[in-house]
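*Asks:* Just need the structure, nothing else, for what follows:
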Amino acid sequence: MLSLTVISANQGETYYTAENYYTSEENQAHSGWWGQGAKSLGLAGQVQGGDFKNLLHGSHPQGHQTLSGRKIDPERHRAGLDLTFSAPKSISLAALVGGNEAIEQAHRTAVVRTLSIIEERYAQTRVRTPEGRQAVGTGNLIIAQFHHDTSREKDPQLHTHCVVINATQLNNGRWQSLHNDILFKQQKLLGMIYQNELAVAVQRLGYGIEPRANGQFELRGYQAEDLQTFSKRREQILAAVEENATAQERELATLMTRAPKGKEIPREELQTYWQQQAQALKLEHPQPQMLDWQSQPKRATQAGLTHCAEREAVFQREQVERFALENHLGQQCFDEVQETLDTDPEVIHTHDQRLTTQTAVLRELETIRTVLDGRGDVGAIASSDLVEAHLRDQSLTEGQVQGVMLAATTRDRFIAWQGVAGAGKSYALNQFRQIAESQGYTVRGFAPSAEAAKSLGDSAQIQPVETVAALLCAQPAEPNPAQPEVWVVDEAGLLSAKDALALVTKAQAQQARVILVGDTRQLSAVEAGNPFKSLQQAGMATAYLTQSLRQKNQQIKAGVDLIAAGEIAAGVQQLKPYIQQVSSQEVRAQAIARDYLALAPDERKKTLLLAGTNQERLVITQLVREGLKAEGTLGQSLTVKRLKARDLTETQASYAHHFQPENVLIPQASYKRVGLEKGQRYEVLATDSHSNGLMLRGQSGAALQVDPAQIRRKSVYEV
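*Replies:* Numbers count the residues shown, from 1 in each chain. Modelled structure (predicted):
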């Protein structure tokens, strides 16, 4: 585990020096300078109190001047960061109670390996450039390491404090303060690197590991009660927060349960105390075995790439690395993951240091090729004169007329309507539908969700309507030249790259015309890609409906138009007379609920309540429910259990450790070999990360064990 804490100079002196926490004679032997920055200052060997204190205050180790050469405000100076690497409890037991020096050294080696990644990748400062202040890499840090072996409750707890001094050196020799935002952003990855390197090292020593939740592990061979007996600190924290608390809640609980340091217990006395506990437990330390450990970096990296590419077309390198380490802990060195990413021909490195895949690029290019090949591939549905005659008595905006004219007269198989919210796209689609049907065409409607499909059918009077998924899953129909089809796809911005390619391929095969309708600036697909935008950029014929008709008040309309054009500040200023600003969340929630309840029932149906956070949403909902109960509109409450979809990628759902007891698995196909029937509910009873197994219970009550990686088509829910 890795924790990061910002420290001030005064905190550093008090916490690290005044209490003899780091620089006592007993601790100096377990301290040391590390990093290219320390080397540049001539710092090596054990940490001396004077050097450490001066650096905490921003001065040269000898104290004759500040490192930066500028005056430092002691009240505002940030001394540095405390990076604390804490070994799993079983590692502490083996190293400190069992006296296994090789395992203790494995911890220290894993720490140094992680520090080298931090220095190489994330040692940064900010410099002025013509484009403004930007973060630049420096490749050097000043780090004081302090190796400790007890918790505050005197339990064996192997951990290393790495105090990163707030200074780094540019190529011109000038020292500047660290830019540490990236360290906090990548904290989880850095903790995973430490855990992975430690897991690899102990396996090479012959010790098996048992992966735990969130990328943690323990040595195989210890019982749960052994670990709990030597984990009083953890029990205190868990007493303050629930097991599933967030990292922030745990951090707060850590601070709340932190007891002041007492008098140091002599090392011999502490060792005797631990041995007595071990004897009482009849503790047996695991012995090294001949393990058939083989590095598998390609398997882990491929899983990370597949996971990331499912939701994003372009992604950060760290996302792949973190997934690979979390789900394949100790199965490869981090160096090997990096090398695989650097040399894998499937991986494309972008100019902004992100990654994409050949598969994603080829999918997008194939979609664009199919759409562009459809230019001039069909005949016009109607003449311009017919369209003008049909629209003559209609009150349409210029954009609506352009959209109907393009859809009816184009010779391209695929076109788009790009329109802002409230531009009257549905009304214009209804006009187009009337023209197309009068010319013998069948107009079918599709949307990514069932709700959006129904809305399209109601507003544009298009029937039938279905989801895009239903269209893609349906058996291909034979083209009927006597009654050609036009497919209207609403909310096209929500199409993923995979679905877009399948859609245009199917339309081409069935000789259907397609109108993609949406707004590139609204929400994009859950899965990877934004084909609606990329197809427009590639030259697909597009009509632009830019005038919003939804707002009747001209001042409100002007504000909305400004916001739609990207001028957010000006738009909000225009809307200011219509905005009530309430800073208190509690008072704001009460005001929203009160105003909603004051509306007539018909007005409530047309009113949308929005909240900035989920917590605020729950508060407002509760207040509204109480008001509805008080007026008699809402009756007695009834608790109903429902299934809520787990937000897992297909790759995540192939690992047992991503499931929890009481989760529900519903196969989308029958897997008779393992006893699973399509559409049936199976409750998760237990998980086994080591064998990647799930123990399930079907509706008949029978239990069965499956490997989730073998059940590819499935949905996963929590109750």
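
*Asks:* next helix or strand past the least confident helix or strand in the chain by mean pLDDT?
*Replies:* Among the secondary structure pieces of the chain, namely its helices and strands, helix 247-256 has the lowest mean (mean pLDDT, DSSP states H and E), a mean of 51. Sequence-wise, the next helix or strand beyond helix 247-256 is helix 267-281, with elements assigned using DSSP states H and E.

*Asks:* which other residues reach that following helix?
*Replies:* Where contact means Cβ atoms under 8 Å, 6 or more residues apart in numbering, the residues beyond helix 267-281 that reach it are Glu26, Leu96, Val97, Thr150, Lys154, Pro156, Glu225, Asp226, Thr229, Phe230, Ile265, Leu283. (Each C-beta comes from the backbone N, C-alpha and C, glycine too.)

*Asks:* Find the helix or strand that the last one is a member of.
*Replies:* Which is Leu283. Here Leu283 is assigned to no helix or strand, by DSSP H and E.

*Asks:* Might you report the residue contacts of the most centrally placed residue in the chain?
*Replies:* Residue closest to the mean C-alpha point of the chain, counted by Cα atoms, centre = their mean, is Gln319 at 8.3 Å. With contacts defined as Cβ under 8 Å, 6+ apart, Gln319 is in contact with Gly304, Cys308.

*Asks:* Distance check, it against Glu310.
*Replies:* For Gln319, the distance to Glu310 (Cβ to Cβ, to the nearest Å) stands at 12 Å.

*Asks:* Counting neighbours, what do you get for Leu158?
*Replies:* The burial metric for Leu158, expressed as a neighbour count using other Cβ atoms under 10 Å, is 24.

*Asks:* wait, what's in contact with it?
*Replies:* If a contact means Cβ under 8 Å, 6+ apart, then Leu158 has Ser86, Ala87, Ile91, Ser92, Ala95, Leu96, Glu104, His107, His148, Asp149 as its contacts.

*Asks:* Need phi/psi at the first one.
*Replies:* Taking degrees, to the nearest 10, you get phi -110, psi 130 for the backbone angles of Ser86.

*Asks:* so it bridges to which residues?
*Replies:* Legend: beta-bridge partners of Ser86 under DSSP bridges are His159.

*Asks:* Begin at 414, not 1, for the rest of this chat.
*Replies:* Okay, using 414 as the starting number, the last item reads as Ser499.

*Asks:* Neighbours of it, how many?
*Replies:* 20.

*Asks:* That one contacts Pro569, correct?
*Replies:* No - using Cβ atoms under 8 Å, Ser499 makes no contact with Pro569, being 11.7 Å away.

*Asks:* Narrow the contacts of helix 680-694 to those that are buried.
*Replies:* For these, burial is judged from neighbour counts taken by 16 or more other Cβ atoms under 10 Å, and it is met by Leu509, Val510, Thr563, Lys567, Pro569, Asp639, Thr642, Phe643, Leu696.

*Asks:* Out of these, which is nearest to Gln744?
*Replies:* Taking Cβ to Cβ as the measure, Gln744 lies nearest Asp639 of the buried ones among the contacts of helix 680-694, at 25.5 Å.

*Asks:* how close does that closest one get to Pro501?
*Replies:* 12 Å.

*Asks:* burial count for Ala637?
*Replies:* Counted with other Cβ under 10 Å, residues neighbouring Ala637 total 8.

*Asks:* pLDDT at it, what is it?
*Replies:* At Ala637, the pLDDT value in this model is 81.

*Asks:* got it, and Ala431?
*Replies:* In the predicted model, Ala431 carries a pLDDT score of 42.

*Asks:* Return the set of buried residues in stretch 823-839.
*Replies:* Using 16+ other Cβ under 10 Å as the burial criterion, the residues of stretch 823-839 that qualify are 823, 825-833, 836-839.

*Asks:* Cool, thanks, signing off.
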